[in-house]
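Student: Coordinates for the following, if possible.
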Amino acid sequence: MTDPQAQAPGEPNYREPNVGQPANGQQPGTGQPAGSPYANPVVAAPLSEADDRQWASLAHLGGILSFLPSLIIWLVFKDRGRFTNTEAKEALNFQITLLIGYVAINVISLILAIVTFGIGGMLVSLSWLLWVAGVIFSIMGFLKAKDGQNYRYPFALRLIK
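Tutor: As a prediction, the model looks like this:
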C-alpha cells in the first residue's frame, strides 16, 4: 500500500522525506537523540527546612525496617538537602553496621552449632538483642532529627562518608 497523498519525485511540489530534519531522531541543535535522558537534564529543587528535617528523621525511623529506607532516602535526597544528606548517611552507616552484626552472629552461631552438636546454635538469640538496640537507637535518631539536631549513633562503622 502506498500513501495516496504522496507525490512522485518528478512533480513540482515534491520534497525528499525528512529534508531539513536532523538524522536519527535528534532534536535540532542538541546533538542528542530525541528520547535521550541527556537531552534536557532536570535539576530537582532544594528541600525546604521542614522537608529537610522530615526526610532526615524518616531516614532514621526507617532503620526499624532495614537499611533500604535509609539508602533510598539518601540516594534520592542527598543533593537536595544538607541535613538529610548528613542524617541519612549516618542512619545508613548504622544499619550497615547492624547488618554486619547479624551476619557475624549467624555465621558464628552456625559454626558453633556444628561443633557443639546444636548447643552453640542458641547464640542466634543474640540477634534479638541487636534488633532491639537498633530499634531504640533508630527512634532516638528520629526524635533528634525531627527537632533539627544531628544524631550520632554510639557505635557505627563510617563506611559511607
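Student: C-terminal to the longest helix belonging to the chain, what's the next element?
Tutor: With secondary structure taken from DSSP state H, the chain has its longest helix at helix 82-115. Remark: after helix 82-115, the chain's next helix or strand is helix 126-146, criterion DSSP states H and E.
Student: Would you mark the buried spots in that following helix?
Tutor: Within helix 126-146, the residues that count as buried by 16 or more other CB atoms under 10 Å are 126-127, 130, 134, 137-138, 141-142, 144-146. Every residue, glycine included, has its C-beta placed from N, CA and C.
Student: mind showing which ranges of this structure have poor pLDDT?
Tutor: For the chain, applying pLDDT under 70 flags the ranges 1-42.
Student: make it 80
Tutor: For the chain, the stretches with pLDDT under 80 are 1-48, 118-123, 159-160.
Student: Pick out the residue nearest the middle of it.
Tutor: The centre of the chain sits closest to residue 72, judged by CA atoms, centre = their mean, with a distance of 2.7 Å.
Student: just checking, what packs against the longest helix of the chain?
Tutor: helix 49-61, helix 68-77, helix 126-146 (3 or more CB pairs under 8 Å, 6 or more residues apart in numbering; DSSP states H and E).
Student: nearest to residue 98, of those?
Tutor: Proximity to residue 98 (CB to CB) singles out helix 126-146 among the helices and strands packed on helix 82-115, at 4.9 Å.
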